[in-house]
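> sharing a model that was predicted from the sequence below.
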Amino acid sequence: ERRARQNILDRPLGAQRGKGEVSLSAFAFLFSEMVQYCQSRVQSIADLETRLEELGYGVGVRVLELVSHGQKQRRREIRLLNILQFISSTLWKSLF
């Protein structure tokens, strides 16, 4: 019996090859392509900013879900100080 492929969100965070890192050049290329794609489909700078913001928001939400899903603590923080501590420690280290 063949096992169904697991969704990336269902896999353990430490199980990815190479710690799930992407080379800087691959990231820069992807970013450049996204900007060029958006530039070719807008008429003004304001439209470009809006389109890039929409793309960035979706990516940011997914990254936040992925990082927070890997935490031992399974409840969502609602206190400002705890949220800021999560951002300054866990999330910041994951992003940079």
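Thanks, I have the structure now. Numbering: from 1, shown residues only.
> counting contacts, what elements does the lowest-mean-pLDDT helix or strand in the chain pack onto?
Ranking every helix and strand in the chain by mean pLDDT, DSSP states H and E puts helix 92-95 at the bottom, with a mean of 83. Other helices and strands packing on helix 92-95, by 3 or more CB pairs under 8 Å, 6 or more residues apart in numbering; DSSP states H and E, are helix 45-69. Quick note: C-beta positions are derived from backbone N, CA and C, even for glycine.
> the helix it packs on: what's the following helix or strand?
helix 80-86 (DSSP states H and E).
> quick one: low-confidence parts of this structure?
When residues are selected by pLDDT under 70, those of the chain lie in 1-21, 73-74.
> center of it - which residue?
Centroid-nearest residue in the chain: residue 63, 2.8 Å away (criterion: CA atoms, centre = their mean).
> check contacts around that one.
94, 95 (CB atoms under 8 Å, 6 or more residues apart in numbering).
> centre of the chain to the least confident helix or strand of the chain, how far?
Relative to the chain's own centre, helix 92-95 is displaced by 10 Å; criterion: CA atoms, centre = their mean, to the nearest Å.
> export that helix to CSV, keeping only CA atoms.
Presented in CSV, the C-alpha positions along helix 92-95 are these (Å, rounded to 0.1, in the frame of the first residue of the first chain):
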residue,chain,number,x,y,z
TRP,A,92,12.9,36.8,13.7
LYS,A,93,15.4,33.9,13.9
SER,A,94,13.3,31.9,11.4
LEU,A,95,13.2,34.7,8.9
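> who touches that helix?
With CB under 8 Å, 6+ apart, helix 92-95 has contacts from 63, 67.
> same thing but at 10 Å, please
Contacting residues not belonging to helix 92-95 are listed as 13, 20, 60, 63, 64, 66, 67, 68, 70, 86, 87 [CB atoms under 10 Å, 6 or more residues apart in numbering].
> about what we covered before: the residue nearest to the centre of the chain and residue 36: what is the separation?
Using CB to CB, to the nearest Å, residue 63 is found at 22 Å from residue 36.
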